[in-house]
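S.K.: Build me a structure from this.
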Amino acid sequence: MARVNSIARSWSSSQSQSWKEPLNCRATAEPHMLWKINSGSSFFWWDSWTGLGPLAVFLQKGTMPGNTLVNEFIHENKRDTEKLLNTVPAPLHNLIERIHINDPSKPDTCIWTINSDGKFTCASPRELTRKRKDTNDTLNNLWYKRLPFKIAFLNWRVMRKKLPLDDIVSKFGQNIVSRCNCCPNPQSETLDHLFVHGDIAKNIWQYFANSLGIKISNINLHLSWRDICVIVDNYRNQISSCLMYWDRPITQQFKINTDGSSLIQMKKAGAGGIRRNKEGRMILAYSEYLEFCSNNRAEIEAALIGLKYSSSLGLNNIIFEMDSKLMVV
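M.R.: Next comes the predicted model:
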């Protein structure tokens, strides 16, 4: 008795698990395989060489064809029409007659129809068989290219509840006396307590929320960590504007508007200013890079540079205008 072809073979519990997975993917991959006939080395009943899939499915139920090759129906590079009529169901005759026989000196070639070049790649069947979940914008935003990978990975572990905290470890049957290390009165170490409800967590939320203009009252600290991340991710600061006007200096005076800035993360600082006369006409504008310093220091440098340029031009009657309360005081 002929061995069952692998196309028709099903998995049984006596076989390995490594064989089960390819069999599960078989039904998805087979429709994308097409055999190009050369010498006829393909299986006549089991390989998809007509474009309709295995021809065995067109046979009567209960019929089990053997591992017959296509070349058994070819004689002197031509189809054996009589044998085909006696073997193949009538509706398939015209289709088989249209199949072109290529170079008989070469073995048949399998074409992977998903790729334009017909070549198989490991990535393409993975895309066919993988089960994609719905896109999560909050998780996608964690992988920001300017964010250090270890921080992004930590955030991902937090969002996916993959940190080895007491509440998670206990789910594996470990008996743990859970005590956090973040509160004067220790409580159970859970994800929400560590990142939301704990004393240290609340202080951190207050500190950074105020710096970003976020009202902590808008965030319910009794929500789960995941819900809070979604709220913060969707938060948009309200932008307000007001009309500003420039006061002209009196006769024979010049006004210099200055500003300084310091970027802590980039370790850069700069200063600049503009000088105008009583008519508002620009007399001089300047900007300079500074060695990294505090923002207050940058404001001071901006005023000193403006004073230096004015002194070099013999201009003494000068008014400085700036947004630094420290300098004004």
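S.K.: so what's Phe73 up against?
M.R.: Phe73 makes contacts with 40, 44, 79-80, 83-84, 87, as judged by CB atoms under 8 Å, 6 or more residues apart in numbering. (Glycine included, C-beta is placed from N, CA and C.)
S.K.: Is it possible to mark the buried ones in those residues?
M.R.: For these, a neighbour count by 16 or more other CB atoms under 10 Å gives the buried set as 40, 44, 79, 87.
S.K.: Which ones among these map onto strands?
M.R.: If you go by DSSP state E, the buried ones among the contacts of Phe73 have Arg79 in strands.
S.K.: got a markdown table for the buried ones among the contacts of Phe73, with distance to Ala209 and pLDDT too?
M.R.: Shown next, in a markdown table, are these (distance: CB to CB, whole Å; pLDDT from 0 to 100):
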| residue | distance to Ala209 | pLDDT |
| --- | --- | --- |
| Gly40 | 74 | 86 |
| Phe44 | 72 | 85 |
| Arg79 | 78 | 78 |
| Thr87 | 78 | 82 |
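S.K.: Just give me the closest of the buried ones among the contacts of Phe73 to Val230.
M.R.: Comparing the buried ones among the contacts of Phe73 against Val230 with CB to CB places Phe44 closest, at 57.5 Å.
S.K.: gap between the closest one and Glu72?
M.R.: 7 Å (CB to CB, to the nearest Å).
S.K.: ok, now Lys202?
M.R.: Distance, Lys202 to Glu72, by CB to CB: 79 Å.
S.K.: same check, this time on Asp233
M.R.: Distance of Asp233 to Glu72, computed by CB to CB: 64 Å.
S.K.: Repeat that for Tyr144.
M.R.: Applying CB to CB to Tyr144 and Glu72 gives a distance of 61 Å.
S.K.: Leu191 too?
M.R.: Taking CB to CB, one finds Leu191 at 66 Å from Glu72.
S.K.: Pick out whichever of those two has more residues nearby.
M.R.: Taking other CB atoms under 10 Å, Leu191 and Glu72 do not tie; Leu191 has more neighbours (20 against 12).
S.K.: How many residues are close by the closest residue in space to Cys25 that isn't next to it in sequence?
M.R.: Among residues not flanking Cys25 along the chain, Thr129 sits closest, at 5.0 Å (CB to CB, 6 or more residues apart in numbering). By the criterion of other CB under 10 Å, Thr129 has 11 neighbours.
S.K.: Hmm, Thr28 and Thr129 touching each other?
M.R.: Yes - when contacts are counted by CB atoms under 8 Å, Thr129 is listed as touching Thr28 (5.5 Å).
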